[in-house]
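Peer 1: Build me a model from this:
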Amino acid sequence: MRFTLRHLEYFVAVGETGSITLASERINISQPSISTAISHLEAELGVQLFVRHHAQGLSLTPLGARMLREAKSLLDQAHNLYNVAAEATKEIRGELTVGCMVTLAPMIIPELCHAFMASFPRAKIHQKEGNQEELIEGLHTAKLDMALLYDLQVPKDIDFQPLVSLPAHVVVSEIHPLANRTVVSLAELAEEPLILLDLPISREYFLAMFQRDGIEPVIASRSAYPEVIRTMVANGYGYTLANVRPRSDLALDGRRVVRIRLAGGHRPMVIGIATVKGLKKSRLQEAFDTHCRTFISEGYIPGMVPPLLDARISDAVVPDTQPGRPPAGGSKAEASAG
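Peer 2: Numbers count the residues shown, from 1 in each chain. Presented below is the predicted three-dimensional model:
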């Protein structure tokens, strides 16, 4: 046999993406290396795996589709050897693919994964970002071993272990008329332009808040990218609703935003660890599960202001008695901290 598992990994990457360019970006290998590996594999097996379409990527031949299934199965078996060895030696080692909600990933994933791999040098974490629907699909199709997501429309066949609860809040620019407020209701925002986070399930979560209060929001703009929304808000386009609490109150262009507590007892989002029910966790998965519980709690969240600290800041500020009036005993900076 004159092909390797690496050749199969390249083949699987191209087969799943339908493009050498996308496969190169996915596995961080140069396009010529991938192209050479595919040609070598076809020559070695004596079959045509792909149909080349000029300027339109590649598509699998019927035989190539069958070979893709076999290659993925063989790679899974090879990866399982690491798990067997880890069980025998009691060493935490191997590779884990972890999904994370796109709104959480920039803050949570870097510190979380780096700290884990520093503690377990023989382990490697591959992170994948996506919206709620994409992460759940990734778990169902075994593209993800586990995922950090919200408790929104989680299917019954997915095991969800809660980590921390994040209440919703309002985000405005620092020069917004409501920026000095410590608490605001949706009724007070009814005529204000809303910049809506347009992600599947998250979108419905926020709109349900208005529906519950019998309010029709004025949706001025939508975006699936949290930082675009944050920068639009900082520039005065309108307000937004959010659950994440970045440690920085700056948008990417350097302008400042202010977070205001949302009145009304609306349902919070809960971050949790999701896995497929009924699948036995490897030692590596169990170790990462424990690691997540250590790093994500009411008292600490990587890259974010945790709920306990946020509550202490809110309790230290006396609520307004008049709209637009600066809170007694606290400056605008104190009101926006956390």
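
Peer 1: List the beta-bridge partners for E129.
Peer 2: C100 (DSSP bridges).

Peer 1: how close does it sit to R212?
Peer 2: 30 Å (C-beta to C-beta, to the nearest Å). In short, each C-beta sits where N, CA and C put it, glycine included.

Peer 1: How about E137?
Peer 2: Distance from E137 to R212, by C-beta to C-beta: 28 Å.

Peer 1: from the middle of its chain, how far away would stretch 64-79 be?
Peer 2: Distance of stretch 64-79 from the chain centroid (C-alpha atoms, centre = their mean, to the nearest Å) equals 28 Å.

Peer 1: typo on my end, it should be stretch 212-232
Peer 2: When distances are taken as C-alpha atoms, centre = their mean, stretch 212-232 is centred 19 Å away from the chain's centroid.

Peer 1: re earlier: which one of E129 and R212 has more residues nearby?
Peer 2: E129 (15 against 12; other C-beta atoms under 10 Å).

Peer 1: wait, doesn't P110 sit right on P302?
Peer 2: Yes - counting by C-beta atoms under 8 Å, P302 is a contact partner of P110 at 7.4 Å.

Peer 1: Between the two, tell me which one has more neighbours.
Peer 2: More neighbours surround P302 than the other of P110 and P302, with 18 against 13 (other C-beta under 10 Å).

Peer 1: residue contacts, the more buried one?
Peer 2: M107, I108, I109, P110, E111, L112, F295, I296 (C-beta atoms under 8 Å, 6 or more residues apart in numbering).

Peer 1: Local confidence estimate at it?
Peer 2: pLDDT for P302: 93.

Peer 1: Spatially, and excluding backbone neighbours, which residue is closest to it.
Peer 2: What sits nearest to P302 in space, not counting adjacent residues and going by C-beta to C-beta, 6 or more residues apart in numbering, is E111, at 3.8 Å.

Peer 1: got the contact list for that neighbour?
Peer 2: Neighbour list for E111: F295, P302, G303 [criterion: C-beta under 8 Å, 6+ apart].

Peer 1: For these, give me JSON lines that also has secondary structure and distance to L284.
Peer 2: Below are the contacts of E111 laid out as JSON lines (DSSP: H, G, I helix; E, B strand; the rest coil; distance: C-beta to C-beta, whole Å):
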{"residue": "F295", "secondary structure": "helix", "distance to L284": "16"}
{"residue": "P302", "secondary structure": "coil", "distance to L284": "20"}
{"residue": "G303", "secondary structure": "coil", "distance to L284": "24"}
